[in-house]
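**Q** Fold the following and give me the result.
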Amino acid sequence: MKRARQLGLTALVLAALVGNADAEPGEVKGYLLGALTKMHSAADEFVQNAAAYQRLTDANGGDPIRACAASRDEMQKLIAALRENYKTMDSFGYETIEGIVAGVVSLSDFDIYLDSGVPKDQAGGGTPVAPVVLSLPNDKRIDHQGCLFTYIIEPMLWGTNASLVVPADVNGDGKIAPNESLPRPDVLTAAANDVRAKIVQLQQTAIAWQPTTADYFSAIITMTPTLSGYFDDWKESRYAPERSGKFTAVSRVSDMHGIMSSVAILYGAVNGAVAAKDPALANSIEHGFTGILRFIDRVAAREKKSGAITGPVIDELAEQAKQKADKLVPQVEQAAAIVGVNSSGA
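**A** Take a look at the predicted model:
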């Protein structure tokens, strides 16, 4: 039900912005701040649940396995609550504003820290290293091992990074299944406090942000071409022989929809200005974004129906996504030019 309400909100915002040539540019900031408010609330709950997890573990000699054996129901409820908090912060929170945060230069460092920055041992691949350093007890640290959401919190909660968890029989069936584990309490506590602090900082920066038309066009032109790359993430997280361990909480297709919805919302803010100069171009761009979102919806429905999709099929879908984005970006660049924005230096 929560996800349905969130999709309904996104649909209403898109209807107001993308489908309304008179949409106010300030509504982009309102949409951003609305999502950040929900993320902040989820982060507060995440910190509270992490503290409860720490207390339960401490009451059992600092051993999460003993804590689980002694209070299995409580432990299972905490893990479930932490996972829901995470989804609200990231999958159904940050991913719905990533097109704005990652695309706007003055906000983009938050994207590297929270969602896209890679570990230092992957430096040199074109994606910045996340400057995340978590201080742990006994002078230990999680030092430049990747962004908070993708490389630390999600793998810790879903057991896909062995260094962040303790293998455990969480469900009490006498076996430890692959990825069945408990978060390391020291990492969980540090990550919870850090993610809340960073979300609050992003929220404060977003409040101070004074959006410009150049910001909007720059973000649209930067983020629209990223669509096809998410298909590799999707394939490697769910359908590759050796899975990446990332994007476990929800399908990466859900993230695609959130990211591209926020890019479409950015275009909604400039649509009126474009339509005043070139109605046909404005209409074409609107249809381009609508087509991309409908395409993603069809991909999501296909995954849900089939349950499994082969690598070659995903590669073909990625090519289709690339073609759609490649067709749209030059139109957006043209639109920027006719409203007086230099897209090459926007």
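
**Q** give the contact list for Gln76.
**A** Under the criterion of Cβ atoms under 8 Å, 6 or more residues apart in numbering, the neighbours of Gln76 are Val170, Asn171. No exception for glycine: its C-beta is placed from N, CA and C like everyone else's.

**Q** brain fart, Pro211
**A** By Cβ under 8 Å, 6+ apart, Pro211 lies in contact with Pro25, Gly26, Val28, Lys29, Val104, Ala269.

**Q** Can you tell me the element it falls in?
**A** With elements taken from DSSP states H and E, nothing contains Pro211; it lies in neither a helix nor a strand.

**Q** Compare the contacts of Pro211 and tell me which has the most neighbours.
**A** In terms of neighbours by other Cβ atoms under 10 Å, the contacts of Pro211 top out with Val28 at 27 neighbours.

**Q** Wasn't that one part of a strand?
**A** No. Counting by DSSP: H, G, I helix; E, B strand; the rest coil, one finds Val28 to be helix, located in no strand.

**Q** Without its sequence neighbours, what residue ends up closest to it?
**A** Taking Cβ to Cβ, 6 or more residues apart in numbering as the measure, Val28 lies nearest to Ala269, with 4.8 Å between them; neighbours along the chain are not counted.

**Q** Surely the one you found and Gly30 touch.
**A** No. Ala269 is beyond contact range of Gly30, at 10.6 Å (criterion: Cβ atoms under 8 Å).

**Q** List the contacts of Leu114.
**A** Applying Cβ under 8 Å, 6+ apart, we find Leu114 in contact with Asp90, Tyr94, Cys147, Leu148, Phe149, Val195, Lys198, Ile199, Leu202.

**Q** how many neighbours does the last one have?
**A** Which is Leu202. 23.

**Q** State the helix or strand in which it lies.
**A** Secondary structure assigned from DSSP H and E places Leu202 in helix 185-208.

**Q** Can you give me the buried ones in that helix?
**A** Using 16 or more other Cβ atoms under 10 Å as the test for burial, helix 185-208 gives 185-196, 198-199, 202-203, 206.

**Q** roughly how far is that helix from the heart of the chain?
**A** Relative to the centre of its chain, helix 185-208 is centred 15 Å away, using Cα atoms, centre = their mean, to the nearest Å.

**Q** which helices and strands sit right next to that helix?
**A** The helices and strands touching helix 185-208, judged by 3 or more Cβ pairs under 8 Å, 6 or more residues apart in numbering; DSSP states H and E, are helix 26-58, helix 72-89, helix 108-111, strand 133-135, strand 141-143, helix 154-158.

**Q** immediately after it, which helix or strand?
**A** Per DSSP H and E, the first helix or strand lying C-terminal to helix 185-208 is helix 213-223.

**Q** Output that following helix in CSV with nothing but the alpha carbons.
**A** Coordinates of the C-alpha atoms in helix 213-223 are reproduced here as CSV (Å, rounded to 0.1, in the frame of the first residue of the first chain):
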residue,chain,number,x,y,z
THR,A,213,16.5,27.5,-15.6
ALA,A,214,20.2,26.6,-16.3
ASP,A,215,20.1,24.1,-13.3
TYR,A,216,17.1,22.4,-14.8
PHE,A,217,18.4,22.1,-18.3
SER,A,218,21.8,21.0,-17.1
ALA,A,219,20.3,18.2,-14.9
ILE,A,220,18.0,17.0,-17.7
ILE,A,221,20.9,16.9,-20.2
THR,A,222,23.2,15.2,-17.7
MET,A,223,20.7,12.6,-16.4
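
**Q** For it, enumerate the helices and strands it packs against.
**A** The elements that helix 213-223 packs onto, with contact taken as 3+ Cβ pairs under 8 Å, 6+ apart, are helix 98-101, helix 252-277, helix 311-338.

**Q** Quick one: residues contacting Ser116.
**A** Counting by Cβ under 8 Å, 6+ apart, Ser116 has contacts Ala102, Thr127, Pro128, Ala130, Cys147, Thr150.

**Q** one more time with 10 Å, if that's ok
**A** If you count contacts by Cβ atoms under 10 Å, 6 or more residues apart in numbering, Ser116 has them with 98, 101-102, 108, 110, 127-128, 130, 146-147, 149-150, 226.

**Q** which one of the helices and strands packed on helix 213-223 is the most hemmed in?
**A** The highest mean neighbour count among the helices and strands packed on helix 213-223, using mean count of other Cβ atoms under 10 Å, belongs to helix 98-101: a mean of 27.

**Q** What lies in contact with that helix?
**A** 28-29, 31-32, 35-36, 90, 94, 107-111, 114-116, 202, 205-206, 209, 211, 215-216, 219-220, 222-224, 226, 255, 258-267.

**Q** among the helices and strands packed on helix 185-208, which is nearest Gly307?
**A** Closest approach to Gly307 among the helices and strands packed on helix 185-208 (Cβ to Cβ): helix 154-158, 19.0 Å.
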